[in-house]
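Chemist: I would like the atomic coordinates for the input below:
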Amino acid sequence: MNGSEPPRPGRFRGARTLRPVRGARAALAGVLAALALAATACTAPALTAEAYRHDARQSAVDLLAVVRTGVLVAELAEDEKAFQPYLDVSVGNAEGAARSIADTFGVLQPPTPRCDGLRERMTGLTSAATSGLSDLRIAIRRGDRAGREKAAESLRETASGLTEVRKDLR
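Modeler: Now for the predicted structure:
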């Protein structure tokens, strides 16, 4: 092939050693199957009630830290002790962390029916945390003092609930 001839089927211009790929469909199916397995293997299942309680407690501890960050951001905004960009980024990061914690715990299946109550309790608290942080973010960006105070109060209540869960699961 000197460059002026059209390429032969199954070959690319200038690539003299390439040959048609055989079994491309099988290879693609294998890659897709591997990706599907990898995507579903991100969170290990809680196989026992004790493991589930441990995961719930750790989620409560992590979420409590994020919620308290939100309360602190609201207090800094109220006292005008931080610049707007700092408040905005801080509450946005806290909201993202809360969503991540909620998603991670939310995919855990309770191993026994006795754990269903704990799941409902934690799901309510994770929802309250993400909602409260979202409300705080919106209020801070709008400069809405009343909305900020309402969100902060909601976050304080959520923090109280998370503290109770943490104590109950010792």
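
Chemist: in what helix or strand does the residue nearest to Ser134 when sequence neighbours are not counted lie?
Modeler: Once flanking residues are discounted, Ser134 sits nearest to Glu95: 5.9 Å by Cβ to Cβ, 6 or more residues apart in numbering. C-betas here are computed from N, CA, C, even on glycine. Glu95 belongs to helix 84-106 when assigned by DSSP states H and E.

Chemist: which secondary structure elements does the following helix or strand past that helix contact?
Modeler: Downstream of helix 84-106, the next assigned helix or strand under DSSP H and E is helix 116-142. Judged by 3 or more Cβ pairs under 8 Å, 6 or more residues apart in numbering; DSSP states H and E, the packing partners of helix 116-142 are helix 49-78, helix 84-106, helix 145-168.

Chemist: Would you mind listing the buried residues in the longest one?
Modeler: In other words, helix 49-78. Using 16 or more other Cβ atoms under 10 Å as the burial criterion, the residues of helix 49-78 that qualify are 52-53, 55-57, 59-60, 62-64, 66-74, 76-77.

Chemist: which helices and strands does that helix pack with?
Modeler: Secondary-structure packing of helix 49-78 (3+ Cβ pairs under 8 Å, 6+ apart): helix 84-106, helix 116-142, helix 145-168.

Chemist: Let's have these in a markdown table, adding distance to Thr48.
Modeler: Shown next, in a markdown table, are these (distance: least, Cβ to Cβ, whole Å):
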| stretch | distance to Thr48 |
| --- | --- |
| helix 84-106 | 16 |
| helix 116-142 | 13 |
| helix 145-168 | 18 |
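
Chemist: Can you add mean pLDDT and give those back as TSV?
Modeler: Shown next, in TSV, are these (pLDDT from 0 to 100):
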stretch	mean pLDDT
helix 84-106	97
helix 116-142	98
helix 145-168	98
